[in-house]
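J.: No sequence on hand, only this structure:
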């Protein structure tokens, strides 16, 4: 870990010494010329693999190191210098700028208890100013590959996920670490650079109390830095921050050489010792190289064949459709055959024309839903964009983001932080349309239900596009990420591809919320699972409402609403949970370990059913007022809009008070979690009812704008696609 902290300083010194032609002794002592017979490598292993690596990798690394020494003479090749420049350099700008003062014994990893005696009152009271800046310097894989090198990750991933006393002693006894310490302590240029790095100096000085209470008298710099870095790296790991750097090495070196070299340098197994992705070994994605093999399986081949067949149908169907329009009067006056109709169903021309059409297909369509769908989906994408990028981007500091999550941008930004109601909107729309259309069919058939077709039609309608999208993730996402992204994005893509391959069946059966890690494939499909569960139950609610009197139907619906509300009340009260079932001080950890693990509180159908039920009630009301004029006094309409507005704004912006005054009371959490979905769905239900009955005014004019109609038709595919685009794009800018 010492080597990682001073890695960037070493590179800067080498750069300055070479460029200005000064410091020959520095080069001789710490960066000596190398030969095949060399046994002493100085600090060169920090730049290229030399220790405990393959013979060819060692030979090429010696050539690379000697080539860098020729920079001052002008004889160095541009490729070698480009390789050097494309290697990540720590510390990065701002790495130590932002710190958080924390109690040492509250954050120290358990594996360091042997070093820090928290039973000692002085140590127990010790505070540490913990740097929270960026811990990962990626470098430039693109430039590295242009220089015919190989760009690999060197991540701090200790063996067995912990540091032991033995490991610490091994690092302190490393000849190379002591050599690095002498390098930092000996030369004025190094001290000058450290003096210019006020953030680093401030961090060390602010932790004087920690140093004095946890180290021996007169500790040397290696002990001080090592102690601080051990605690710092432990905290970063708990924050799930990537700790390490990208290194450009000769093309003959392999993934295993990177870890072996640095671990030999540190005299301890601390680099690249854990598999970061359970589904793929590190060697599959830790290194990027020219002409690398694309991740491809037999399943990928089958999927490609299916897509090619589909493509043939698209070409033939489109051509037939265009010919039909050109020669309609001459050859297509008679009704088309079944085969022709099937073929024309694949026409890109007709499908695109229908997709982009702004004409309503039915007279009794709820036109305001088009705008509401588009705006709600835009809200979903905005919320996920902020959430996912905050999780995956290699940010310089976590503090500004933490401040934003804590309400630092004010009340207005709460609509982005609290975007949960945007998903509830779609549960409302789904319940509304299912009830509205099913009740119409029940009237036509006089209560006869084609039960099989009721469920099969819905299943096919949702599953076919979902299956094709999942197939694309399995076959092509890793290849796309390998060409356009970093190793991090490639790792994420491999994880998703293999998850879809192994667990996709549960997504297509809409059971993924009930199995551990089955939402890794396409994370947002937790929604499709819940929506399908609600659809399975919908007929049990709608049919009795249709077959009974209005009073009887409403009572039956209300019983379902009570049943859907009780689980949330019980869980929040019993386990003292926070917003949306999140952890707050005092929450029972048993809930997260057992009762609320599968499915999680957020995804559990019994916690998300309320908006769907509100939608069913709205569909029931709109059905029985279909084609009828509803006379509403102006005052009643005004009151309805005011109540809906207050309810909606309270749900979205009411959570801001938690940022202002801290943890709510248990009763407040119970009330909000149990009823905010009813409040939000009820507010939107009023908007839909009022607009559909002619009382929406300019709001209805806006939501019914024909411009929204094509955009609303692609909302489902937008929902499936957007999270993958955000994650791959976010992890591509390391």
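T.: Everything's here; your move. Just so you know, these numbers come straight off a predicted model, no measurement behind them.
J.: which element is residue 292 on?
T.: In this assignment (DSSP states H and E), residue 292 forms part of neither any helix nor any strand.
J.: That one touches residue 482, doesn't it?
T.: Yes: Residue 292 is within contact range of residue 482, at 6.9 Å (criterion: Cβ atoms under 8 Å). C-beta coordinates here come from the backbone N, C-alpha and C atoms, glycine included.
J.: Give me the phi and psi for the residue lying closest to residue 280 once chain neighbours are set aside.
T.: Residue nearest to residue 280 in three dimensions, not counting chain neighbours: residue 494, with 4.6 Å by Cβ to Cβ, 6 or more residues apart in numbering. When read as degrees, to the nearest 10, the backbone of residue 494 gives phi -60, psi -40.
J.: Contacts only, for residue 494.
T.: 277, 279, 280, 284, 285, 295, 478, 481 (Cβ atoms under 8 Å, 6 or more residues apart in numbering).
J.: Repeat that for residue 521.
T.: Residue 521 touches 470, 473, 496, 499, 500, 503, 504, 507, 512, counting by Cβ under 8 Å, 6+ apart.
J.: Got phi/psi on residue 706?
T.: phi -60, psi -20.
J.: Just give me the neighbour total for it.
T.: 13 (other Cβ atoms under 10 Å).
J.: now residue 78
T.: Considering only other Cβ under 10 Å, residue 78 is surrounded by 9 other residues.
J.: what does residue 353 give?
T.: Neighbourhood size, residue 353 [other Cβ under 10 Å]: 11.
J.: How confident is the prediction for it, by pLDDT?
T.: Per-residue confidence (pLDDT) for residue 353: 92.
J.: Helix or strand next in line after the helix or strand hosting it, which one?
T.: Using DSSP H and E, residue 353 sits within helix 348-356. Reading on from helix 348-356 to the C-terminus, the next helix or strand found by DSSP H and E is helix 368-392.
J.: other SSEs contacting the helix holding residue 353?
T.: Applying 3 or more Cβ pairs under 8 Å, 6 or more residues apart in numbering; DSSP states H and E, one finds that helix 348-356 contacts helix 298-326, helix 708-713.
J.: Could you give the separation of that helix from the chain centroid?
T.: Here the centre of helix 348-356 is set off from its chain's centre by 33 Å, with Cα atoms, centre = their mean, to the nearest Å.
J.: Next, the angle helix 298-326 makes with it.
T.: Interaxial angle, helix 348-356 versus helix 298-326 (axes from the mean of the first three to the mean of the last three Cα atoms, to 10 degrees): 90 degrees.
J.: in helix 348-356, what's buried?
T.: 349, 350, 351 (16 or more other Cβ atoms under 10 Å).
J.: quick one: which of those residues is nearest to residue 538?
T.: Using Cβ to Cβ, residue 351 is the member of these that sits closest to residue 538, with 28.7 Å.
J.: Would you mind stating the distance between that closest one and residue 318?
T.: Using Cβ to Cβ, to the nearest Å, residue 351 is found at 9 Å from residue 318.
J.: May I ask which of the contacts of residue 494 has the most neighbours?
T.: Neighbour-wise, these (other Cβ under 10 Å) top out at residue 478, 29 neighbours.
J.: Skip the chain neighbours and tell me the closest residue to that residue.
T.: Using Cβ to Cβ, 6+ apart, the closest residue to residue 478 is residue 295 (4.1 Å).
J.: What of residue 434?
T.: The shortest distance from residue 434 to any non-neighbouring residue, by Cβ to Cβ, 6+ apart, is to residue 538 (5.1 Å).
J.: surely the one you found meets residue 437?
T.: No: contact between residue 538 and residue 437 fails when scored by Cβ under 8 Å: they sit 10.8 Å apart.
J.: of these two, who's got more company?
T.: Set residue 538 next to residue 437 and count neighbours by other Cβ under 10 Å: residue 538 wins out with 22 against 12.
J.: next SSE after the host helix or strand of the more buried one?
T.: Here residue 538 sits within helix 526-547, counting by DSSP H and E. The helix or strand immediately downstream of helix 526-547 is helix 550-575, counting by DSSP H and E.
J.: packing partners for that next one?
T.: helix 526-547, helix 605-624, helix 666-692.
J.: Pull out the buried residues from that helix.
T.: 553, 556, 557, 560, 561, 564, 565, 567, 568, 571, 572, 575.
J.: For residue 48, state which of these is nearest.
T.: residue 575 (53.2 Å).
J.: isn't the closest one right next to residue 593, touching?
T.: No: if you go by Cβ under 8 Å, residue 575 and residue 593 don't touch, sitting 10.9 Å apart.
J.: returning to what we had before: mind listing what's buried in the helix holding residue 538?
T.: 526-535, 537-539, 541-543, 545-546.
J.: go on, stretch 652-664?
T.: Buried residues in stretch 652-664 (16+ other Cβ under 10 Å): 652, 655, 656, 658, 664.
J.: Please enumerate residues in contact with it?
T.: Outside stretch 652-664, the residues touching it (Cβ under 8 Å, 6+ apart) are 406-407, 411, 414-415, 417-418, 421, 578-579, 584-586, 672, 676, 680.
J.: List buried members of those residues by neighbour count.
T.: 407, 414, 415, 417, 418, 421, 578, 579, 672, 676, 680.
J.: residues contacting the last one?
T.: To tie it back to what came earlier, the one meant is residue 680. Neighbour list for residue 680: 421, 424, 425, 611, 647, 648, 651, 652 [criterion: Cβ under 8 Å, 6+ apart].
J.: Try it again at 10 Å.
T.: Applying Cβ atoms under 10 Å, 6 or more residues apart in numbering, we find residue 680 in contact with 420-422, 424-425, 428, 610-611, 614, 644, 647-648, 650-652.
J.: next one: the third one
T.: Shown here is residue 415, whose contacts under the criterion Cβ under 10 Å, 6+ apart are 379, 382, 383, 421, 422, 649, 652, 653, 656.
J.: Ok, the fifth one next?
T.: Residues in contact with residue 418 (Cβ under 10 Å, 6+ apart) are 383, 579, 580, 651, 652, 653, 654, 655, 656, 658, 676.
J.: quick one: it from residue 682, how far?
T.: From residue 418 over to residue 682 (counting by Cβ to Cβ), the distance is 17 Å.
J.: same deal with the third one?
T.: Between residue 415 and residue 682 the distance is 19 Å, computed by Cβ to Cβ.
J.: repeat for residue 545
T.: For residue 545, the distance to residue 682 - Cβ to Cβ - is 18 Å.
J.: Give me the residues contacting the helix holding residue 353.
T.: Contacts for helix 348-356 (Cβ under 10 Å, 6+ apart): 314-315, 317-322, 324-325, 344-345, 347, 361, 709-711, 713-714.
J.: Any quick ChimeraX command for the buried ones out of these?
T.: Buried members of these, defined by 16+ other Cβ under 10 Å, are picked up in ChimeraX with:
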select :317,318,320,321,324,344,347,709,710,711,713
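J.: residue boundaries of the helices in the stretch 401-550 of the chain?
T.: 414-417, 420-445, 451-484, 487-508, 526-547, 550-575 (DSSP state H, counting those that start in this stretch).
J.: mind putting those helices in a markdown table, mean pLDDT and distance to residue 260 included?
T.: A markdown table is the format used below for the helices of the stretch 401-550 of the chain (pLDDT from 0 to 100; distance: least, Cβ to Cβ, whole Å):
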| stretch | mean pLDDT | distance to residue 260 |
| --- | --- | --- |
| helix 414-417 | 94 | 45 |
| helix 420-445 | 96 | 47 |
| helix 451-484 | 93 | 24 |
| helix 487-508 | 92 | 18 |
| helix 526-547 | 97 | 41 |
| helix 550-575 | 96 | 47 |
